[in-house]
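Engineer: what follows is a predicted structure for the sequence shown.
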Amino acid sequence: MPQHTDAPTALKVALLGGGTVGSQTARILTEDADILRDRVGADLELTGIAVRDTGATRDWQADPALYTTDAEALVDGADVVIELMGGIEPARTLILRALAAGTSVVTGNKALLAQHGEELYAAAAATGAQLSFEAAVAGAIPILRPLRDSLAGDRVTRVMGIANGTTNYILDKMDSEGAGFDEALAEAQRLGYAEADPTADVEGHDAAAKAAILATLAFGAPYTLDQVAVSGITAITAEDNEAAADAGYVIKLLAIAERARAADGAEGAVLRVHPTLLPREHPLASVRGAFNAVFVEAENAGELMFYGPGAGGAPTASAVMGDVVSIAQRIVRGGPARLRTPVAELPALDPAEAVTSGLVVLRVADEPGVLRRVAGVFEEQGVSIETLRQVQSERDDAPGASLRLITHRARQRDLDATVEALAALDAVHEVASVLRVEGN
Ligand SMILES: NC(=O)C1=CN([C@@H]2O[C@H](COP(=O)(O)OP(=O)(O)OC[C@H]3O[C@@H](n4cnc5c(N)ncnc54)[C@H](OP(=O)(O)O)[C@@H]3O)[C@@H](O)[C@H]2O)C=CC1
Ligand SMILES: N[C@@H](CC=O)C(=O)O
Ligand code: NA
């Protein structure tokens, strides 16, 4: 490997965080030191691991002398910083401290990137330091690099993925084994898939952060978490699963970023995360457990799918180490940091401009004329019905019937208006669910 004349023979690597992913990253840096030296052309020397509790038991135990609570001192002495603490602070301040000193940073912190990405990218650009974050989206799956580099000569139109391992694990356990929600979540936590606060997973915020990051790479503008419409999986009921299965679908939590046109013709990007009905034969429908998959549509490439482990210590540490090696190689060989190539900015559109089919489950009075009145509301709002199924209630406390309607594609705001008008009908006791359908 060609190296510049004053190439370093060792690089100091500071690790911030020694939890699920940090422990596995420390393990790879230690156990695979020889392989890494060959690939980089210099030693990667782990100088310390910043944690809160230096005496805690860890998934993989490094040399006890490496654990410290002084993260700032670690950052200041480093050639490369790896941030795997999670959360906004102190992670943000520590990363900014490193970047300001020209030190490159690798992070898996999607929550931070989706809220403060612009500030961090600007700080990196100001000193020429690198900020890499392949681990932040879809764990081990190489997806950010392909979007940024391999597809740089194409025009991405849509990115749609199962981007949260915890929720896919929970939905899969519920669908295939009839497991309870709490039981499945506890198992996902035990296996190291969930965030420190798993609300971020089950309420869809983790997937939303990933949607913003995916869109930033795919469309070139710095999208943020607040531009993503989010709903999680906590409201999914057994009847939703039954209605979906009955119609040939499976429910998955999808993160979607797509080029779209608003009703007034304006072009932009719509970003959304929600439980979605997918036809059972759709490639994303067969993604099981904590696996993730990202489906990319580009004008010339057509349809691409990236699949692999989306969460967990070792898989995520693999993505972290890919970024570390790439940065270290650049330091050793010399050469400029990679600049972000600006592309034409695509503004975020109101997510109500999204055009999709929907499943609407209504509890209705079982009496003549109900179907006509329900269908009339759909007609008034310009939303057409593709299929309709009536199921008699077996509950004494909720007599009547359920109507399960799947619509043709319609604008989200028209579907919302339809649901509002349906809820106001006397014959409709309850709008039990409204779920989006993709891939049909
Ligand atoms: N787990 C996964 O599958 C994936 C995680 N990620 C991301 O990677 C990051 C790390 O996740 P994960 O390893 O699961 O998280 P953990 O909660 O397991 O680990 C966090 C680590 O950071 C340390 N830490 C937290 N706050 C501080 C602080 N204020 N000062 C010093 N140390 C601190 C903790 O110390 P201590 O151990 O002493 O408490 C712990 O070692 C997050 O940003 C997460 O979103 C990304 C992809 C997948
Ligand atoms: N909690 C996240 C971890 C990986 O990003 C998930 O479940 O996907
Ligand atoms: Na990844």
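Structural biologist: Sure, I can see it. Numbers count the residues shown, from 1 in each chain. Ligands and ions are numbered 1, 2, ... in the order given.

Engineer: and the helix or strand bottoming out on mean pLDDT in the chain, what's buried?
Structural biologist: Ranked by mean pLDDT, DSSP states H and E, the weakest helix or strand in the chain is helix 238-246, scoring a mean of 90. Within helix 238-246, the residues that qualify as buried by neighbour count (16 or more other C-beta atoms under 10 Å) are E239, D240, N241, A243, A244. Where you see a C-beta, it was placed from the backbone N, CA and C, and this is true even at glycine.

Engineer: surely the first one meets E394?
Structural biologist: If I follow you right, that is E239. No - using C-beta atoms under 8 Å, E239 and E394 do not qualify as a contacting pair, with a distance of 11.1 Å.

Engineer: still on that earlier bit, what does the least confident helix or strand of the chain contact?
Structural biologist: Contacting residues not belonging to helix 238-246 are listed as 174-175, 250-251, 275, 277, 359, 361, 389, 402, 404, 432-433, 435 [C-beta atoms under 8 Å, 6 or more residues apart in numbering].

Engineer: next up, phi/psi of E303, please.
Structural biologist: When read as degrees, to the nearest 10, the backbone of E303 gives phi -100, psi 130.

Engineer: so what pLDDT did it get?
Structural biologist: According to the prediction, E303 has pLDDT 96.

Engineer: ok, now which ones touch it?
Structural biologist: Taking C-beta under 8 Å, 6+ apart, we find E303 in contact with F295, V296, E297.

Engineer: is the first one in a bridge, and if so with what?
Structural biologist: Residues found in beta-bridge contact with F295 (criterion: DSSP bridges) are M160, M305.

Engineer: who's in contact with it?
Structural biologist: The neighbours of F295, taking C-beta under 8 Å, 6+ apart as the test, are R158, V159, M160, G161, P283, L284, E303, L304, M305.

Engineer: next, A417: secondary structure please.
Structural biologist: Assigned with DSSP: H, G, I helix; E, B strand; the rest coil, A417 falls in the helix class.

Engineer: my bad, E367
Structural biologist: Here E367 is recorded as coil under three-state DSSP.

Engineer: distance of it from I143?
Structural biologist: In this structure, E367 and I143 are 52 Å apart, going by C-beta to C-beta, to the nearest Å.

Engineer: with L278 instead?
Structural biologist: Computed with C-beta to C-beta, the distance linking L278 and I143 is 19 Å.

Engineer: give me the more crowded residue out of the two.
Structural biologist: In terms of neighbours (other C-beta atoms under 10 Å), I143 is the more surrounded of L278 and I143; the figures are 30 against 24.

Engineer: that one against V294, yeah?
Structural biologist: Yes - taking contacts as C-beta under 8 Å, I143 lies within contact range of V294: 5.1 Å.

Engineer: now do the shared contacts for those two.
Structural biologist: Here I143 and V294 have V137, G161, L214, F306 as joint contacts, going by C-beta under 8 Å, 6+ apart.

Engineer: quickly find the element holding V383.
Structural biologist: Assigned by DSSP states H and E, V383 belongs to no helix or strand.

Engineer: now do the helices in the stretch 251-400 of the chain.
Structural biologist: Ranges of helices within the stretch 251-400 of the chain are 313-333, 370-380, based on DSSP state H, counting those that start in this stretch.

Engineer: mean confidence for the shortest one?
Structural biologist: The average pLDDT within helix 370-380 is 96.
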